[in-house]
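Engineer: pasting the sequence and the predicted coordinates here, then a few questions.
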Amino acid sequence: MNVNEFDFELPERLIAQTPLADRTSSRLLTLNKETGEIGHRYFTKLADMLEAGDTLILNDTRVMPARLLGVKADTGAKAELLLLKQLENDRWETLAKPGKRLRVGTKLAFGDDGTGAPLLRAVIVAEGEQGARVVEFEYDGIFNELLDRLGEMPLPPYIKERLDDRERYQTVYAKHEGSAAAPTAGLHFTKPFLDELARKGVHIGYITLHVGLGTFRPMSVDTVEEHAMHAEYYELSEETAELLRSAKRRGGRIVAVGTTSARTLETVAARFTYEQLQACSGWTDIFIYPGYEFKLVNALLTNFHLPKSTLVMLVSALAGRANIMQAYREAVEREYRFFSFGDAMFIY
């Protein structure tokens, strides 16, 4: 399969730059994966699309203030790190800018302790491709407190506007810090809306997947099958495992909120039969594209994704490429808002 089969025209004006004032006021495109029927609603109408007995699975990861702006210690030239994954102790996998100038041995400085000395120091200890760097930090105090003080929210590069309220790039149920990006399909929910769904009889469970490099790195191959995903850490609790077992026993729908939840559920499905599902954790590099047969996920709530991205391929695996391309054409024609702060899509 050629990557260009998942391309589409997207006017830049449709890329949402700021979140809506009310999380639940976004639009909702609905797509029947069997018939291809497309509907146009508002997000709160999701309550009408979900049924008592459905199981909604959300990703409760919390985004770190993972973007560090500093300087090269020797020249004062600007440098930037995006923290992706803690490796061991104070070593982290990062994306570095400008990558070509940040070689092994380069020392970086962040913040000022008031005496002219940096609050946080780093040295590059290994190089990878496309700006990937392993760095080792040095500091006095507690790293997470320094990161909270110095770090910025790691908004995707297509968002140019400054985000004044950090919590608008967090889901209302974010709990376990560790992501370099938000699971954006979950940004549409409020606690009252989740309560409304629960009162209707929708079961709600949580998984954790810490979003990493795969979100930021574009595909660099021409053929879909050649692409390798970057591994991300996930956890499934026993409570959620029981929700999933129960849903499968009674034939209820499992609805993933976001591609991160879908990838985690399908990773777990590859490890266990549904009767044997149990609490587990690990690393997943699952790559879902057309031809894949879903084992746990029956329906998916997601945002609109970048052309030629692995996420467009994932939703195409669930609904069919032709259905997705038609839905995206309608979304563009009707000027839906795209990407992280954009509108939502429900594939059922």
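Structural biologist: Looks like it came in fine. Numbers count the residues shown, from 1 in each chain.

Engineer: make it CA atoms for all contacts and neighbour counts henceforth
Structural biologist: Will do.

Engineer: and residue 214, what's its pLDDT?
Structural biologist: Turning to residue 214, the model gives it a pLDDT of 67.

Engineer: need the contact partners of stretch 213-231.
Structural biologist: For stretch 213-231, the surrounding residues in contact (CA atoms under 8 Å, 6 or more residues apart in numbering) are 1-4, 84, 156, 180-181, 212, 283-287, 308-310.

Engineer: out of the residues you listed, which are inside strands?
Structural biologist: 84, 283, 284 (DSSP state E).

Engineer: which pLDDT value goes with the first one?
Structural biologist: Right, residue 84. At residue 84, the model reports a pLDDT of 92.

Engineer: so who does it touch?
Structural biologist: Per CA under 8 Å, 6+ apart, neighbours of residue 84: 66, 92, 93, 94, 95, 179, 180, 212, 213.

Engineer: ok, so of those, who is nearest residue 255?
Structural biologist: Comparing the contacts of residue 84 against residue 255 with CA to CA places residue 179 closest, at 21.9 Å.

Engineer: now do the contacts for the closest one.
Structural biologist: Counted by CA under 8 Å, 6+ apart, residue 179 has contacts 61, 62, 63, 64, 84, 209, 210, 211, 212.

Engineer: closest to the centroid, which residue in the protein?
Structural biologist: Note on the chain: the residue nearest the mean C-alpha position is residue 183, at 3.7 Å, using CA atoms, centre = their mean.

Engineer: and the gap between that residue and residue 197?
Structural biologist: 20 Å (CA to CA, to the nearest Å).

Engineer: got it, and residue 295?
Structural biologist: Using CA to CA, one gets 24 Å for the distance from residue 295 to residue 197.

Engineer: of those two, which one has the most company?
Structural biologist: residue 197 (21 against 14; other CA atoms under 10 Å).

Engineer: verify the assumption that the more buried one is located in a helix.
Structural biologist: Yes. According to DSSP: H, G, I helix; E, B strand; the rest coil, residue 197 belongs to a helix.

Engineer: so it makes contact with residue 47?
Structural biologist: Yes. Shown here, residue 197 and residue 47 form a contact pair, counting by CA atoms under 8 Å, at 6.4 Å.

Engineer: quick one: which of the ones in strands among the contacts of stretch 213-231 is nearest residue 107?
Structural biologist: Looking across these and measuring by CA to CA, the closest to residue 107 is residue 84, at 18.8 Å.

Engineer: show me the shaky parts of the stretch 151-300 of the chain.
Structural biologist: When residues are selected by pLDDT under 70, those of the stretch 151-300 of the chain lie in 214-217.
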